[in-house]
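Asker: fold the stuff below for me.
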Amino acid sequence: MKMKGIIVKKPGGPEQLELTELPIPVLSDGEILIKVEAAAVNRTDIVTREGKAGYANNEILGVEVAGTVVKSSRTSRLQVGDRVMGLVNGGGYAQYAVMPANRALKIPGNFSFAEGAAIPEVFLTAYQTLYWIGKLKQHETVLIHAGASGVGTAAIQLAKQISEAKVIVTAGSKEKLEFCKQLGADKVINYKEQSFDEEILQVTDGKGVDVILDFIGASYWKKNLASINKGGRWVLIGVLGGGVVDKVNLMELMAKYVQLSGTLLTPRDDEYKTNLTKEFAEIAMPYLERGSIKPIIDTAFSIEEVAKAHQYMEDNRNIGKIILQVGDRTY
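Answerer: Okay, here's the model as predicted:
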């Protein structure tokens, strides 16, 4: 049997994305086959499309899906008909996808498939960076760059609800900053109009923040260093502002005894993703189920409009997630 899925004709821009017919994936032991109703667009998909990701082994793009279990291996706890969401090892932009069963999360009963697809990558990334790497503690202060992005909107909510943290965010428009405020951000900074390091030192009495979630990289290096508290944890999860920093003075890091960590979620192994999913389910899912944390959806495109969806993300137009509608029941 065949299905439709999105592949990359050759590394390049959104025009290289092609909807084509492909074989339905075959299950291995411990996996489930999902009829995909919704997928979501992530920065890692763009990097893969451009040929810059050395870890993409599946010709079909997409790392997160929501849909219905249509086939389950004998070792799986999930049943045919279960509504699930989670991370896949590529293959999400398609009508069917396989997922390790122990990485699947059941979609809360009141959530649509689109809302389910808006959760796994960004909320697991936000949880990983805040807690596994950033070690955010109760009532600490965290700086979240790109606050209106998918990960940013997830991180604001997790930090406020789980840790009652003081949340500072940067974004590039009044609309995005206002939305971050509505999610719980305590201080919002327009990076186009304000020097965020000066603003941060002012609101923290010159101490700086305890944790930084940094999507930007090189162009923010000096300001981030000025903005972080002694003993702070600085987590690098993107390089939108460049990946090479000139003339780094390592003594400045050492003098503040800053912990600088870099991470990506997509290339992590199955065991890591399974353990992260399990802890997230135990600690964070109850907040989603009772509505104190919510997935943020900007807009949805049909799978045939995937090139438009990628361009929309590259233009930084989204507040929250960009959804790909694959089936007929996304909303």
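
Asker: just give me the longest strand of the protein.
Answerer: strand 31-41 (DSSP state E).

Asker: and that strand, how far from the chain's centre?
Answerer: In terms of Cα atoms, centre = their mean, to the nearest Å, the gap separating the centre of strand 31-41 from the centre of its chain is 17 Å.

Asker: go on, stretch 74-92?
Answerer: 19 Å.

Asker: give me the neighbour count for the nearest residue to M99 once chain neighbours are set aside.
Answerer: Nearest in space to M99, with sequence neighbours left out and distances taken as Cβ to Cβ, 6 or more residues apart in numbering, is V88 at 4.9 Å. C-beta: built from backbone N, CA, C; applies to glycine. By other Cβ atoms under 10 Å, 25 other residues sit near V88.

Asker: and for E314?
Answerer: Around E314 there are 13 residues (other Cβ under 10 Å).

Asker: dump the residue contacts of it.
Answerer: 14, 46 (Cβ atoms under 8 Å, 6 or more residues apart in numbering).

Asker: G152: which element?
Answerer: Per DSSP states H and E, G152 falls inside helix 150-163.

Asker: what ranges does the stretch 1-150 of the chain have for its strands?
Answerer: 2-8, 17-23, 31-41, 64-72, 83-87, 96-100, 105-106, 141-144 (DSSP state E, counting those that start in this stretch).

Asker: distance to N229 and mean neighbour count added to those, as JSON lines?
Answerer: Output for the strands of the stretch 1-150 of the chain, formatted as JSON lines (distance: least, Cβ to Cβ, whole Å; neighbours: other Cβ atoms under 10 Å):
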{"stretch": "strand 2-8", "distance to N229": "42", "mean neighbour count": "19"}
{"stretch": "strand 17-23", "distance to N229": "43", "mean neighbour count": "14"}
{"stretch": "strand 31-41", "distance to N229": "34", "mean neighbour count": "27"}
{"stretch": "strand 64-72", "distance to N229": "33", "mean neighbour count": "24"}
{"stretch": "strand 83-87", "distance to N229": "32", "mean neighbour count": "25"}
{"stretch": "strand 96-100", "distance to N229": "39", "mean neighbour count": "25"}
{"stretch": "strand 105-106", "distance to N229": "34", "mean neighbour count": "19"}
{"stretch": "strand 141-144", "distance to N229": "8", "mean neighbour count": "28"}
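
Asker: figure out which of these is closest to D315.
Answerer: strand 31-41 (12.2 Å; Cβ to Cβ).

Asker: can you check what angle separates the closest one from strand 96-100?
Answerer: Orientation note: strand 31-41 sits at an angle of 110 degrees relative to strand 96-100 (axes from the mean of the first three to the mean of the last three Cα atoms, to 10 degrees).

Asker: within its sheet, name the partner strands of strand 31-41 and how each one runs.
Answerer: Taking DSSP bridges as the criterion, strand 31-41 sits next to strand 64-72 (antiparallel), strand 96-100 (antiparallel), strand 321-325 (antiparallel) in its sheet.

Asker: adding distance to T266, write those out as JSON lines.
Answerer: Output for these, formatted as JSON lines (distance: least, Cβ to Cβ, whole Å):
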{"stretch": "strand 64-72", "distance to T266": "10"}
{"stretch": "strand 96-100", "distance to T266": "14"}
{"stretch": "strand 321-325", "distance to T266": "16"}
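
Asker: pLDDT averaged over the strand or helix carrying F301 - what is it?
Answerer: According to DSSP H and E, F301 maps onto strand 297-302. Per-residue pLDDT values across strand 297-302 average out to 98.

Asker: what is the neighbour count of D270?
Answerer: Neighbour number of D270 under other Cβ under 10 Å is 13.

Asker: which ones are touching it?
Answerer: By Cβ under 8 Å, 6+ apart, the neighbours of D270 are 89, 100, 103.

Asker: if we can go back for a sec, relative to V245, which of the strands paired with strand 31-41 is closest?
Answerer: Of all these, strand 321-325 comes closest under Cβ to Cβ, at 29.7 Å.

Asker: using CSV, list the CA coordinates for stretch 281-297.
Answerer: Below are the C-alpha coordinates for stretch 281-297, written out as CSV (Å, rounded to 0.1, in the frame of the first residue of the first chain):
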residue,chain,number,x,y,z
ALA,A,281,4.2,12.9,31.3
GLU,A,282,4.5,12.6,35.0
ILE,A,283,5.3,16.2,35.9
ALA,A,284,3.9,18.4,33.1
MET,A,285,1.0,16.6,31.5
PRO,A,286,-1.3,17.2,34.5
TYR,A,287,-0.9,20.9,33.9
LEU,A,288,-2.0,20.4,30.3
GLU,A,289,-4.9,18.2,31.2
ARG,A,290,-6.4,20.7,33.6
GLY,A,291,-5.7,23.7,31.3
SER,A,292,-3.2,25.7,33.3
ILE,A,293,-0.7,25.1,30.5
LYS,A,294,-1.9,25.1,26.9
PRO,A,295,-0.4,24.4,23.4
ILE,A,296,-0.2,27.6,21.3
ILE,A,297,-1.2,27.3,17.7
